[in-house]
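Chemist: A predicted structure for the sequence below; I have some questions about it.
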Amino acid sequence: MQPTKSSVVHPSEAEELRLRVHQRSLREQLERHHFLLDRLHTAGARLIQSLEQRNVYEAIAEIIANLVGSKEVAFFNCSPADGTFSLAWSSGVEASALQPLLCGAGMLGRTVHRGMSQFRERQPVADLLPCEKNLTACVILKSSSGMAGVLAIFGLLPQKSSLEWADYEVLRFLETYAAVAIQFHSLRGKQVTP
């Protein structure tokens, strides 16, 4: 049986279809990166604003809430020499719930020990501590001036089941620029007024 005239695809039609699919893919790629650049611009603008308003921790928490989707964050100072942590600031999570993390075990300790951010969904289940059941990520905050601490993110908003590509990019941005903002804030606090 021979194919009917309508079921035969001519090479020129197949090429045109391939080009349209490729164009759509490229457009989606550009739109996705445009969306990310908007998010990074918003985060950067809020960090700059926080320098003048002297609310760096609140600004970072706001960025996490609005751009990543978690209203539970904590900032830990770390002494790499002895591996101890202290709570610098938190929002949406009780300080008592953070006490088990201060020993430096689990994701928080691995973040500093490995010098890179750690994400719950990338951890072997056996490595998670009972106190880490709501811990989504530990983001190392470091710049060329050194480590400013670790940002711990707990849970996500109910409508969000996991971190997405753009969330990881925002967190990578914060690794450096939140560290710079915190270091700026810290130095400003040490300045002596005449």
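Modeler: Ah, there it is. It should be emphasised that the depicted structure is a prediction, and the values quoted were computed from it without experimental measurement. Residues are numbered from 1 along each chain as shown.
Chemist: residues contacting the residue nearest the centre of the chain?
Modeler: Most central in the chain under C-alpha atoms, centre = their mean is L171, positioned 2.2 Å from the mean C-alpha point. When contacts are counted by C-beta atoms under 8 Å, 6 or more residues apart in numbering, L171 is found next to V68, S117, A137, V139, L163. For every residue, glycine as well, the C-beta is placed using N, CA and C.
Chemist: Relative to E72, how far out is it?
Modeler: 15 Å (C-beta to C-beta, to the nearest Å).
Chemist: Over to T84?
Modeler: Taking C-beta to C-beta as the measure, T84 falls 23 Å from E72.
Chemist: the more surrounded of those two?
Modeler: E72 (22 against 13; other C-beta atoms under 10 Å).
Chemist: Run through the helices of the protein in chain order.
Modeler: 11-53, 56-63, 95-98, 106-114, 165-190 (DSSP state H).
Chemist: Out of those helices, which is closest to F76?
Modeler: Smallest distance to F76 across those (C-beta to C-beta): 6.6 Å, for helix 106-114.
Chemist: Which positions within that closest one qualify as buried?
Modeler: If you call a residue buried by 16 or more other C-beta atoms under 10 Å, then helix 106-114 has these buried ones: G106, M107, L108, G109, R110, T111, V112.
Chemist: Report the residue spans of the protein with pLDDT below the cut-off.
Modeler: Along the chain, the parts satisfying pLDDT under 70 run over 1-9, 192-194.
Chemist: One more pass at 90, please.
Modeler: 1-30, 32-35, 78-84, 94-97, 99-106, 113, 123-133, 143-147, 186-194 (pLDDT under 90).
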